[in-house]
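Participant: 3D, please:
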Amino acid sequence: VQLQASGGGLEQPGGSLRLSCAASGFSLDLYAIGWVRQAPGKVREWVSCISARDGTTYYGDSVKGRFAISRDKVKNMVYLQIDSLKPEDTAVYYCAADEDDDSLAYDYWGQGTLVTVSS
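Facilitator: Next comes the predicted model:
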């Protein structure tokens with residue numbers, strides 16, 4: 001199981017970014033994928049996930065309405081669309097995987113991609 005996150009960068013407040021998570025070694029039909037972020041000096045915060053079973057999506061309260069997670073099972077990719085960026089979205093974003101749709105204690109982690117929101 002391998003995960004590779006990409007798509008981070010420097011963006012202005014109000015802008016958008018799309019993060020990508022390339023999954024290899026497993027099927028998205030069998031593993032739930034989550035996005036977790038860690039801001040400088042803060043603990044990790046769960047952001048969003050998409051279930052393996054039926055693609056149901058879930059969001060943390062701080063991102064609801066601005067973030068959208070999706071998956072492409074043919075390409076084995078998961079995306080996180082981030083709109084209306086705020087400075088407090090600045091963080092390293094990790095994608096993670098787990099066989100248990102109901103678990104937030106992910107077994108597998110990618111290396112993270114840095115999102116910086118600043119004018």
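Participant: Once you drop chain neighbours, what's closest to the residue nearest the centre of the chain?
Facilitator: Among the residues of the chain, the one closest to the centroid is residue 35, at 2.8 Å (C-alpha atoms, centre = their mean). Leaving aside its sequence neighbours, residue 35 sits nearest to residue 47 (C-beta to C-beta, 6 or more residues apart in numbering; 4.5 Å). No exception for glycine: its C-beta is placed from N, CA and C like everyone else's.
Participant: how close does that neighbour sit to residue 77?
Facilitator: Using C-beta to C-beta, to the nearest Å, residue 47 is found at 17 Å from residue 77.
Participant: Comparing the two, which residue is more hemmed in?
Facilitator: residue 47 (24 against 16; other C-beta atoms under 10 Å).
Participant: So that one: helix, strand or coil?
Facilitator: Of the three states, residue 47 takes strand under DSSP: H, G, I helix; E, B strand; the rest coil.
Participant: Make sure residue 109 is actually in contact with residue 3.
Facilitator: Yes. Taking C-beta atoms under 8 Å as the definition, residue 109 is a contact partner of residue 3 at 6.6 Å.
Participant: who has more neighbours, the two?
Facilitator: Counted by other C-beta under 10 Å, residue 109 and residue 3 do not tie: residue 3 has more neighbours, with 23 against 15.
Participant: tell me the pLDDT at the more buried one?
Facilitator: Note for residue 3: predicted pLDDT of 97.
Participant: mind listing the strands for this protein?
Facilitator: 2-6, 9-11, 17-24, 32-38, 44-50, 57-59, 67-72, 77-82, 91-98, 108-109, 113-117 (DSSP state E).
Participant: Name the spans of this protein whose pLDDT lies under the cut-off.
Facilitator: Within the chain, no stretch falls below the threshold (pLDDT under 70).
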